[in-house]
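> Provide a 3D model corresponding to the input given below.
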Amino acid sequence: MTYLYETIPLRTGDKPRHYEIQQGMNDAPLTRHPTTGEAIRRVILGGWGLVTPKPGGPTNSGNCGCGPGDCC
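Next up is the predicted model:
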């Protein structure tokens with residue numbers, strides 16, 4: 001999995017830097033950047049998506065609006 005991390009600013013007004021870091025799903029979140037040693041925290045992203053049927057595809061053939069074997 002790829003997770004988004006950001007540095008923890010040391011001073012008010014400093015902007016965090018963002019990193020994408022590969023980890024296993026069961027790995028604990030990192031607290032230090034593996035290369036620089038900077039303090040970091042995992043960024044939790046929103047978790048909803050929108051499923052729409054393919055253009056010209058079936059419109060009412062299942063829960064997600066897709067035909068058998070042809071999911072969006």
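
> only C-alpha atoms for contact and neighbour calcs from this point on.
Noted.

> separation between Gly37 and Ile8?
Computed as C-alpha to C-alpha, to the nearest Å, the Gly37 to Ile8 distance reads 12 Å.

> neighbour-wise, which of those two wins?
Ile8 (17 against 9; other C-alpha atoms under 10 Å).

> could you measure from that one over to Val43?
With C-alpha to C-alpha as the criterion, Ile8 and Val43 are 11 Å apart.

> overlap in contacts of these two?
The overlap between the contact sets of Ile8 and Val43 (C-alpha atoms under 8 Å, 6 or more residues apart in numbering) is empty.

> which residues touch stretch 17-32?
Counting by C-alpha under 8 Å, 6+ apart, Met1, Thr2, Tyr3, Leu4, Tyr5, Glu6, Thr7, Glu38, Ala39, Ile40, Arg41, Arg42 sit against stretch 17-32.

> which ones among these map onto strands?
Secondary structure from DSSP state E places Thr2, Tyr3, Leu4, Tyr5, Glu6, Thr7, Ile40, Arg41, Arg42 of the contacts of stretch 17-32 in strands.

> identify the farthest-apart pair in the residues you listed.
Thr2 and Thr7 (16.3 Å; C-alpha to C-alpha).

> so between those two, which is more surrounded?
Neighbour count, other C-alpha under 10 Å: between Thr2 and Thr7, Thr7 has more, with 19 against 11.

> let me know how buried the nearest residue to the more buried one once chain neighbours are set aside is, in neighbour terms.
In this structure, Thr7 finds its nearest non-sequential neighbour in Ile40, 4.3 Å apart by C-alpha to C-alpha, 6 or more residues apart in numbering. Using other C-alpha under 10 Å, Ile40 has 21 neighbouring residues.

> pLDDT score for Ile40?
Ile40 carries a pLDDT value of 97.

> which ones are touching it?
Taking C-alpha under 8 Å, 6+ apart as the test, what Ile40 contacts is Tyr5, Glu6, Thr7, Ile8, Leu30, Thr31, Arg32, His33.

> mind listing what's buried in the helix or strand hosting Ile21?
Using DSSP states H and E, Ile21 falls within strand 18-22. For strand 18-22, burial by neighbour count (16 or more other C-alpha atoms under 10 Å) applies to Tyr19.
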